[in-house]
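[1] model the structure of this input:
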Amino acid sequence: MDSDPVMLRIEAVSQSYDGEHWQFRDLDFDLRAGEITAILGPNGRGKSTLLRVLAGLLKPTSGRVELNQGTGFVPQEFIGSFPYSVLDVVLMGRARHIAVFQTPRKRDVEKAMAALSATGMADYASRNIEALSGGERQLVLIARALAGENAVLLLDEPASALDLKNQDVVLSLLSELADREKLAIAFTTHQPNHAVAVADKVLLMLPQTRTVFGATEEVMTEAYLEALYGIPILSARLGSGEREETAFVPLFRQRDRKAERR
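    Just a heads-up that it's a prediction; the model follows:
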């Protein structure tokens, strides 16, 4: 996949809010068309901050971000002051295509509806966004990013609050968008199994500003994940035939206490 065009590149990017404590330092990596990158790290390590830097919402303390195409940013949740319809929310993604004081045109509505169709949410266009489930709202936010005709899609923990079925829906959609639309996709997650399910590359944000970036099968190891989260993590091959895949299991301390009580 390294022959695919680079859609976003960061060079020697560092971020600190006070000049003393660093979220990350000297990061270098590419996001390529048709490729998915998963970003993993413990709470407070700077995953969301990094996404905001990549999206151009936050200027890095040092380093450079090179963007070849537009970027769509998908936050963890939508917070609105008014009871917007689903279509209204998705049309917000067309903002850079609509002039100041101009109302959405027919083409904008068509693009918004096409984005809703791509996420399976076209039948919800007239619904109030507040009336939707968490999984449905997440699909609407992805549609909003798609409506902007962006080549790069950045998602902040897109499946963190979803049940298993909706996690599968969102992860499957990301794979389809990378394969069919050739989008460059990056998402943050606390779930190693999400990374091995769909990611081509992984960035691990280890303690003390250390980072590891590379192909999923090279980076997602028991040793790296134990260093990342501070608890033992085992890997196993599950399934059979074409359905066989790697899964990671954390060994929580509570299991030792339960074993002692038996």
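
[2] list of residues touching stretch 90-100?
    70, 72, 104-105, 108-109, 111-112, 115-116, 125, 140, 143-149 (C-beta atoms under 8 Å, 6 or more residues apart in numbering). For every residue, glycine as well, the C-beta is placed using N, CA and C.

[3] among these, name the buried ones.
    Buried subset of the contacts of stretch 90-100 (neighbour count, 16 or more other C-beta atoms under 10 Å): 72, 104, 108-109, 111-112, 115-116, 125, 140, 143-149.

[4] what is the longest helix seen in the chain packed up against?
    Longest helix in the chain by number of residues, with DSSP state H as the criterion: helix 164-180. The helices and strands touching helix 164-180, judged by 3 or more C-beta pairs under 8 Å, 6 or more residues apart in numbering; DSSP states H and E, are strand 36-40, helix 134-147, strand 152-155, strand 184-189, helix 192-198.

[5] helices or strands up against the strand or helix carrying residue 8?
    Using DSSP states H and E, residue 8 falls within strand 6-16. Packing partners of strand 6-16 (3+ C-beta pairs under 8 Å, 6+ apart): strand 22-32, helix 47-54, strand 62-67.

[6] could I get those as JSON lines with distance to residue 224 and mean pLDDT?
    Below are the helices and strands packed on strand 6-16 laid out as JSON lines (distance: least, C-beta to C-beta, whole Å; pLDDT from 0 to 100):
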{"stretch": "strand 22-32", "distance to residue 224": "16", "mean pLDDT": "94"}
{"stretch": "helix 47-54", "distance to residue 224": "16", "mean pLDDT": "94"}
{"stretch": "strand 62-67", "distance to residue 224": "24", "mean pLDDT": "94"}
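
[7] mean neighbour count and distance to residue 163 added to these, as JSON lines?
    Below are the helices and strands packed on strand 6-16 laid out as JSON lines (neighbours: other C-beta atoms under 10 Å; distance: least, C-beta to C-beta, whole Å):
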{"stretch": "strand 22-32", "mean neighbour count": "19", "distance to residue 163": "29"}
{"stretch": "helix 47-54", "mean neighbour count": "22", "distance to residue 163": "22"}
{"stretch": "strand 62-67", "mean neighbour count": "14", "distance to residue 163": "34"}
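
[8] so which of those gets nearest residue 208?
    strand 22-32 (9.2 Å; C-beta to C-beta).

[9] by how many degrees do the closest one and strand 184-189 diverge?
    Going by axes from the mean of the first three to the mean of the last three C-alpha atoms, to 10 degrees, strand 22-32 is angled at 140 degrees with respect to strand 184-189.

[10] who does strand 22-32 pair up with?
    Sheet pairing of strand 22-32 (DSSP bridges) gives strand 6-16 (antiparallel).

[11] send over the strand it pairs with as PDB, restricted to the C-alpha atoms.
    Extracted C-alpha coordinates of strand 6-16, given in PDB (Å, rounded to 0.1, in the frame of the first residue of the first chain):
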ATOM      1  CA  VAL A   6       0.100  10.400   0.500                       C
ATOM      2  CA  MET A   7      -3.000  12.400   1.600                       C
ATOM      3  CA  LEU A   8      -1.600  13.800   4.800                       C
ATOM      4  CA  ARG A   9       2.000  13.900   6.100                       C
ATOM      5  CA  ILE A  10       3.400  15.100   9.500                       C
ATOM      6  CA  GLU A  11       7.000  15.900  10.000                       C
ATOM      7  CA  ALA A  12       8.700  16.300  13.400                       C
ATOM      8  CA  VAL A  13       5.400  17.300  15.000                       C
ATOM      9  CA  SER A  14       5.300  18.000  18.800                       C
ATOM     10  CA  GLN A  15       2.600  19.300  21.100                       C
ATOM     11  CA  SER A  16       2.800  20.800  24.500                       C
END
